[in-house]
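Visitor: Based on what follows, work out the 3D shape:
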Amino acid sequence: MKDSAGADTPSRGHELLLVQLVFVSLAGAATLVRAYVKVFLVGRVTSDDYLIFAAMGAYAAYAAVAIDGVVNGATGQDVSQDYTPNQAAKSLLGWYLCEALYAPITLAIRASVCIVLLRITTKKPYRVIIWVNVGVIAVVSIAFAFVMAFQCSPPSYFWKQVFGAEGSCIDKRIVMISVYVHSVFSAVSDWCLGLLPIAILWGVQINMRTKVIVAVLLSLGMIAGVVLIVRMPYVTTLQPSREFLYASIDVAIWSVMEPALGIIAACIATYRPLFKQWGFGWGSTRRSAATASHGYGRSQRRTGHWELHSQTDLNRPPVPEYRTAYTESVISGEAASPGAKTGKTTEVTVTSEPVVAQHDSGKVFHEQDVPRL
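Guide: Below is the predicted model of the structure:
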């Protein structure tokens, strides 16, 4: 293909290569920081963490395949550049593998976010929305992955057709429709999961600064939904043509960005302990016996008084004792996870300042426990 001056059209593979290197590096760094926070600061790795780690591993494989298609294949090149059938086959194999990995990666990210949201809400309407969300996106993602994996018969025909191999593929319009459907449901899912934290925290009586920070951190995933919307006009380039490897570079770039942004957003939402360690502050430093039982503090009974210490300050001189009042209240476990037991706990209130925030559902929350990720 020639440009307006009659010269060969330059390859666009370097654009995809640069974007892929940047975003896989950012996503990898974000995941490593999350692992540090959960292992060394929180001391516990949970199911949502494992899903993100799995998604990052799959995304690293996705990136390796995409990069190989640019470096050793013909991704981003047009037919005027005389690439070999072997190069074309390598790039088409990369396309096939990336299409097959894309849906499982994004599903794992959204499932991880849903698990976190289920931990911080006990209200039935919100929990129903979350479960419906993850159920629908799981069905759509599995169906999309199936279409991508078996769009050709045999599957290897997708990349071996350049050698004249025998086989057939389904109508590309079916593939395009599948991409549109998956994109729409994914964007709706991202926006739903991004707005839910705002609704969940709206009725929690904590200071506005803490409420805004938590809501923003948990809502970062909406950025991935924006990328999906921006990508939609480029889906038409997935039509089969001699210029496929060149024409499809835009949709490839946006498809590279979306999973990485989802991973980064999901990881940043867990950095609160690190922010506190760095001294950025996060609302009050007040402690209670309830939070001590979850590892945020440690209490000791001393003749009708309580001494409250952070775990990092146990070697420092004890803080002054304060008169306290005792009340009985029912609090949920760490984040009211499904099936978790609730029990009666002695609420310790230091008379010099209030500690308890009342959620509109009647549950007792502590400012430093909303949310504990």
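Visitor: tell me the pLDDT at the nearest residue to His182 once chain neighbours are set aside?
Guide: Closest residue in space to His182, ignoring its immediate chain neighbours: Phe144 at 4.2 Å, by C-beta to C-beta, 6 or more residues apart in numbering. All C-beta spots, glycine's among them, are computed from the backbone N, C-alpha and C. Phe144 is assigned 96 on the pLDDT scale.
Visitor: so Phe144 sits right up against Tyr180, yeah?
Guide: No: taking contacts as C-beta atoms under 8 Å, Phe144 lies outside contact range of Tyr180: 10.4 Å.
Visitor: between the two, which one's more packed in?
Guide: Shown here are Phe144 and Tyr180; by other C-beta atoms under 10 Å, Phe144 has more neighbours (25 against 13).
Visitor: Let's verify that one: helix, strand, or coil?
Guide: With DSSP: H, G, I helix; E, B strand; the rest coil as the basis, Phe144 sits in helix.
Visitor: quick one: the strands in the stretch 101-250 of the chain?
Guide: 152-153, 168-169 (DSSP state E, counting those that start in this stretch).
Visitor: Tell me who's in contact with the closest residue to Ser189 other than its chain neighbours.
Guide: Distances taken as C-beta to C-beta, 6+ apart put Ile137 closest to Ser189, at 4.6 Å, once the chain neighbours are dropped. Contact partners of Ile137, counting by C-beta atoms under 8 Å, 6 or more residues apart in numbering, are Leu107, Arg110, Phe185, Ser186, Ser189.
Visitor: Tell me, how many residues neighbour the residue nearest to the first one when sequence neighbours are not counted?
Guide: Spelled out, it's Leu107. Nearest non-adjacent residue to Leu107, counting by C-beta to C-beta, 6+ apart: Ser141, 4.1 Å away. For Ser141, the count of nearby residues is 23 (other C-beta under 10 Å).
Visitor: Contacts only, for Ser141.
Guide: Ala103, Pro104, Thr106, Leu107, His182, Ser186.
Visitor: What score does Glu243 have for pLDDT?
Guide: Glu243 carries a pLDDT score of 82 in this model.
Visitor: Okay, the closest residue in space to it that isn't next to it in sequence and Arg242: tell me how far apart.
Guide: Among residues not flanking Glu243 along the chain, Asp78 sits closest, at 5.5 Å (C-beta to C-beta, 6+ apart). Distance of Asp78 to Arg242, given as C-beta to C-beta, to the nearest Å: 8 Å.
Visitor: out of the two, which sits in the busier spot?
Guide: Applying other C-beta under 10 Å to Asp78 and Arg242 shows that Asp78 carries more neighbours, namely 21 against 10.
Visitor: any weak-confidence spans in the stretch 101-250 of the chain?
Guide: Residues of the stretch 101-250 of the chain that meet the criterion pLDDT under 70 lie in 240.
Visitor: can you give me the helices for it?
Guide: 124-149, 157-160, 172-202, 208-218, 222-231, 244-247, 249-268 (DSSP state H, counting those that start in this stretch).
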